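Chemist: Provided below for reference: sequence and predicted model.
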Amino acid sequence: MRVINVAAAQMGPIQRSEGRDAVVPRMLALMDEAKARGADLIVYPELALTTFFPRWYMEDQAEVDTWFEREMPNAATLPLFKRAAEYQMAMSFGYAELTPDGHHFNTCLLTDKSAKIVGKYRKVHLPGHSEFDTERAFQHLEKRYFEPGDTGFEVWRTMGGIFGMAICNDRRWPETYRVMGLQGVEMVLLGYNTPSVNSQKSEEGPEKRLFHNRLSVQSGAYQNATWVVAVAKAGVEDGFSLIGGSLIVDPNGEIVAEATTEGDELLVHPCDLDATIFGKKTIFDFARHRRIEHYGLITSRVGAVPPPET
């Protein structure tokens, strides 16, 4: 058995007026609880340090840049790294990244148990739009503030296993999991900030959004025989609601832990990485069963093209 005691650290809302100095102590409190419960790894949500700022339309790039981190760790986040090292606890969290050469990404990182950064992922599948949309109930401007990630879907060896990362909308795309699955991934760490209502379809509310959240994560886990740890930022931020529903899913696609609130909440579960072996050697033994000669459209075509009408 290769057991990783994983803490999924769901976070409640962060208001626009709240700075990192208000958020990091909450993250430290969750880490303290994770330590008390014997966690080896703590996973925080997407954009864990700030409110979900892409809901706000901003034209001043200097204002936009205040939501981004120029280095990691920095003064605001150093306490997280120090305590994680003290606790010998690996850590993953999401943040907005501004690179030294001026690129903007929706990013997450993974550290080892000494708090050394061993992996970084930049969100590939950006949802939403880039200009103010009068037809939406609220804005979702990730395409305005972020560039599509340039890292691809890497995996990393750490803690005796093979780990990958993804962010929010990535979980809805099967290619996300499959690319990592083809590298033998055993645990995918995934943070999200998902509105409770579809801005373009108001009748799609929290129940359907949570259904799709579970569906995406469970199918990705099962079809690639991997653990998936999906962690929300939830609750009402400045009048805008985000779903919770953080969950840990095993390699059979079964939910083994799920949040029940929309606030700061810690899920802890012992995840045996060896539980991935059976699926990888049977139904999803890719080397024996995949037929790549028939999959060409997946990488040669972006949009759907129906067959010609007869």
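Modeler: The structure has been received and is ready for your questions. Remember, predicted model here, so these are calculated numbers, not experimental data. Numbers count the residues shown, from 1 in each chain.

Chemist: Would you map the helices across the stretch 1-150 of the chain?
Modeler: 20-36, 61-65, 78-87, 142-145 (DSSP state H, counting those that start in this stretch).

Chemist: What of the stretch 201-310 of the chain?
Modeler: For the stretch 201-310 of the chain, the helices defined by DSSP H, counting those that start in this stretch occupy 206-224, 277-281, 286-289, 297-300.

Chemist: Tell me which of those is the most buried.
Modeler: Using mean count of other CB atoms under 10 Å, the stretch among those with the largest mean neighbour count is helix 206-224, at a mean of 19. The way it works is simple: take the backbone N, C-alpha and C, and place the C-beta from them, glycine included.

Chemist: by contact count, what packs against that one?
Modeler: Contacts defined by 3 or more CB pairs under 8 Å, 6 or more residues apart in numbering; DSSP states H and E place helix 206-224 against helix 174-181, strand 187-192, strand 227-232, strand 247-249.

Chemist: let's see 10 Å
Modeler: strand 161-167, helix 174-181, strand 187-192, strand 227-232, strand 240-242, strand 247-249, strand 255-258, helix 277-281 (3 or more CB pairs under 10 Å, 6 or more residues apart in numbering; DSSP states H and E).

Chemist: Out of these, which is closest to Q139?
Modeler: Checking the helices and strands packed on helix 206-224 against Q139 by CB to CB gives strand 240-242 as the closest, at 9.7 Å.

Chemist: still on that earlier bit, how about a markdown table for the helices of the stretch 1-150 of the chain, with mean pLDDT added?
Modeler: Below are these laid out as a markdown table (pLDDT from 0 to 100):
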| stretch | mean pLDDT |
| --- | --- |
| helix 20-36 | 98 |
| helix 61-65 | 98 |
| helix 78-87 | 98 |
| helix 142-145 | 98 |
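
Chemist: Please identify the deepest-packed of those.
Modeler: helix 142-145 (a mean of 20).

Chemist: Show me what the following helix or strand past that helix is packed against.
Modeler: Using DSSP states H and E, the helix or strand that follows helix 142-145 in sequence is strand 155-158. With contacts taken as 3+ CB pairs under 10 Å, 6+ apart, strand 155-158 sits against strand 104-111, strand 117-122, strand 161-167, helix 174-181.

Chemist: if we can go back for a sec, could you point out which of the helices of the stretch 1-150 of the chain sits nearest T158?
Modeler: helix 78-87 (13.3 Å).

Chemist: Please enumerate residues in contact with stretch 17-26?
Modeler: Contacts with stretch 17-26, where a contact means CB atoms under 10 Å, 6 or more residues apart in numbering, come from 9, 11-12, 14-15, 27, 44, 48-51, 66, 69, 74-80, 83, 95, 237-238, 264.

Chemist: low pLDDT regions in the stretch 151-300 of the chain?
Modeler: By pLDDT under 70, the stretch 151-300 of the chain contains no weakly predicted segment.

Chemist: can the helices of the stretch 1-150 of the chain go into a markdown table with extra columns for distance to K120?
Modeler: A markdown table is the format used below for those (distance: least, CB to CB, whole Å):
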| stretch | distance to K120 |
| --- | --- |
| helix 20-36 | 18 |
| helix 61-65 | 19 |
| helix 78-87 | 14 |
| helix 142-145 | 18 |
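
Chemist: between these, which one is nearest to T226?
Modeler: Counting by CB to CB, T226 lies closest to helix 20-36 out of the helices of the stretch 1-150 of the chain; the figure is 21.8 Å.

Chemist: start to end distance for stretch 280-295?
Modeler: Distance across stretch 280-295, first residue to last, is 20 Å (CA to CA, to the nearest Å).
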